[in-house]
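# the following comprises the amino acid sequence and a computationally predicted model.
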Amino acid sequence: MAKGCIALNGQGINTAVTVSCRRMWEIIVAGGPVMAPIILCSVVGIAIVVERLWTLQRKRVIPRELTDRVWKLVETRTLNDRHIEALARNSPLGRILAAGLANRNHGREIMKEAIEDTGRHVVHELERFLNTLGTIAAMSPLLGLLGTVTGMITAFNAITEAGVGDPRALSGGIGEALITTAAGLIVAVPALFAYRYLRGLVDALVIDMEKEATRLVQAFDRMGAKSQAHERRREAAS
């Protein structure tokens, strides 16, 4: 008896899913040809959001205590080219710090310029695909509006051919207009929200990376000042 109930429930679920899919397909077809680019925009937008959320995790961009570990290598004078290469492959922050460390013996200005130049490349990579997502957020309502126009054209053509006495002749064009308008907004609203969120996330990560890079430069400044003071004391003693 229980097995029979489970089978019936499973069959009912499968039937409901089939009916829902069929109904969804009917809505897409009723929306006309403009639904194809709207659906394409939704698929691309979802892919971008998932990929950026994975890539922009804080632990992947700014590993905890990375700067402190690098500084310990500097203080113990065990930092070498192999460490710098591994640091550059570690994370976006690691690339920035590695660029500064590679030029640590060329003066503060050269070191700072190397960090800023690498930082621009890193920021560009963090912002990857965001312009495309913003374009989707802006374009989807326009595609919905285009569908509205084509739907109204279809409705007026139906009026011309069948007159206003048969409301069923107008239902196709009006349905196309409403479906495409709704679909465009359904894609645009989440895409715009995701775009703003990811843009703010990138800005916050960039600020934190700037702070970490500044800490490294300032630490080298303090170390340089201590070395100069030590040299002056040694010269004075001699």
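Received it, and whenever you're ready, just let me know what you need. Numbering: from 1, shown residues only.

# so which strand or helix has residue 182?
In the assignment (DSSP states H and E), residue 182 maps to helix 168-237.

# list the buried residues of stretch 180-189.
Using 16 or more other C-beta atoms under 10 Å as the test for burial, stretch 180-189 gives 180-181, 183-184, 187-188. Bear in mind the C-beta positions are built from the backbone N, C-alpha and C, glycine included.

# redo the residues you listed as JSON lines? Include pLDDT and distance to residue 78.
Below are those laid out as JSON lines (pLDDT from 0 to 100; distance: C-beta to C-beta, whole Å):
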{"residue": "180", "pLDDT": "91", "distance to residue 78": "64"}
{"residue": "181", "pLDDT": "91", "distance to residue 78": "64"}
{"residue": "183", "pLDDT": "92", "distance to residue 78": "60"}
{"residue": "184", "pLDDT": "93", "distance to residue 78": "59"}
{"residue": "187", "pLDDT": "95", "distance to residue 78": "53"}
{"residue": "188", "pLDDT": "95", "distance to residue 78": "54"}
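
# residue 81: neighbour count?
Look at residue 81: counted by other C-beta atoms under 10 Å, it has 9 neighbours.

# go on, the one 3 residues further on?
When neighbours are counted by other C-beta under 10 Å, residue 84 registers 19.

# which ones are touching the residue most central in space within the chain?
Of all residues in the chain, the one closest to the mean position by C-alpha atoms, centre = their mean is residue 52, 3.4 Å from it. By C-beta atoms under 8 Å, 6 or more residues apart in numbering, residue 52 lies in contact with 128-130, 133, 198.

# switch the cut-off to 10 Å
Residue 52 is in contact with 126-130, 133, 194-195, 197-198, 201-202, counting by C-beta atoms under 10 Å, 6 or more residues apart in numbering.

# how close does residue 33 sit to residue 151?
Counting by C-beta to C-beta, to the nearest Å, the separation of residue 33 from residue 151 is 11 Å.

# for the chain, what are the low-confidence residue spans?
In the predicted model of the chain, residues 1-14, 16-17, 19, 162-170, 221-238 satisfy pLDDT under 70.

# go again using 90 as the cut-off
1-34, 59, 63-90, 94, 97-116, 147-179, 211-238 (pLDDT under 90).

# count of neighbours near the closest residue to residue 155 other than its chain neighbours?
Distance criterion C-beta to C-beta, 6 or more residues apart in numbering; nearest residue to residue 155, sequence neighbours excluded, is residue 173 at 2.9 Å. By other C-beta under 10 Å, the residues close to residue 173 number 20.

# again with residue 106
When neighbours are counted by other C-beta under 10 Å, residue 106 registers 11.

# ok, residue 147 next?
Residue 147 has 26 neighbours, counted by other C-beta under 10 Å.

# thought it was touching residue 174?
No - using C-beta atoms under 10 Å, residue 147 is not in contact with residue 174, being 11.7 Å away.

# give me every residue that touches residue 172.
The contact partners of residue 172, taken as C-beta under 10 Å, 6+ apart, are 30, 32, 151, 154-155, 157-158.

# next, the buried residues of whichever strand or helix holds residue 112.
Per DSSP H and E, residue 112 falls inside helix 108-126. Buried residues in helix 108-126, counted by 16+ other C-beta under 10 Å: 111-112, 114-115, 118-119, 122-123, 126.
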